[in-house]
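Engineer: sequence and computational prediction follow.
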Amino acid sequence: MNRTIVIGSDHGGFNLKQVFIKALKDWGYPVEDEGPDCLDSCDYPLFAARVSEKIKADDDKLGVLICGTGQGMAMTANRMGVRSALCTNEFHARMAREHNDARILCMGERVTGQGLALGILKAFLETKFGGERHQRRIDLIDTVAK
Ligand code: RB5
């Protein structure tokens, strides 16, 4: 069974969110869409918070957050204590999972074209965390941030 993907955006990421939802369903992933449900201007922290809360509550879920640049989403989700990675290429996405065990993929619709964006999404979903020394380093993030 594929992991459930919790997805959210603001108006700047809405169109790419719709593309991602279709692709995720085609690939067989259960999807929980945390909004928005239209292109009206809205505030990205509210949607980043909704997705982050769901990811915090369930270790099996992964998240996707899309705004114009991906920056505001990444800032908010990391501040909420969820390791989140702004990715602009597939190597970024693979390493974010393998080395950093990122739980939320952040993307910028105004930065990354749809074809590349879908490749980044696939790479993020299909890469497993490497564990071992990477686990020690992730644990250290919490230690030094206290
Ligand atoms: C909205 O105009 C834009 O600021 C937002 O989508 C995002 O890029 C913020 O980081």
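Structural biologist: Received it, and whenever you're ready, just let me know what you need. Residues are numbered from 1 along each chain as shown.
Engineer: residues contacting the residue nearest to Gly28 when sequence neighbours are not counted?
Structural biologist: Distance criterion Cβ to Cβ, 6 or more residues apart in numbering; nearest residue to Gly28, sequence neighbours excluded, is Asn2 at 5.3 Å. (C-beta placed from N, C-alpha, C; glycine too.) For Asn2, the contacting residues are 27-30, 125, by Cβ atoms under 8 Å, 6 or more residues apart in numbering.
Engineer: which among those residues count as buried?
Structural biologist: Neighbour-count burial (16 or more other Cβ atoms under 10 Å) applied to those gives 29, 125.
Engineer: in a markdown table: the contacts of Asn2, plus pLDDT, distance to the ligand and secondary structure.
Structural biologist: Below are these laid out as a markdown table (pLDDT from 0 to 100; distance: Cβ to the nearest ligand atom, whole Å; DSSP: H, G, I helix; E, B strand; the rest coil):
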| residue | pLDDT | distance to the ligand | secondary structure |
| --- | --- | --- | --- |
| Trp27 | 98 | 26 | coil |
| Gly28 | 98 | 29 | coil |
| Tyr29 | 98 | 24 | coil |
| Pro30 | 98 | 26 | coil |
| Leu125 | 98 | 23 | helix |
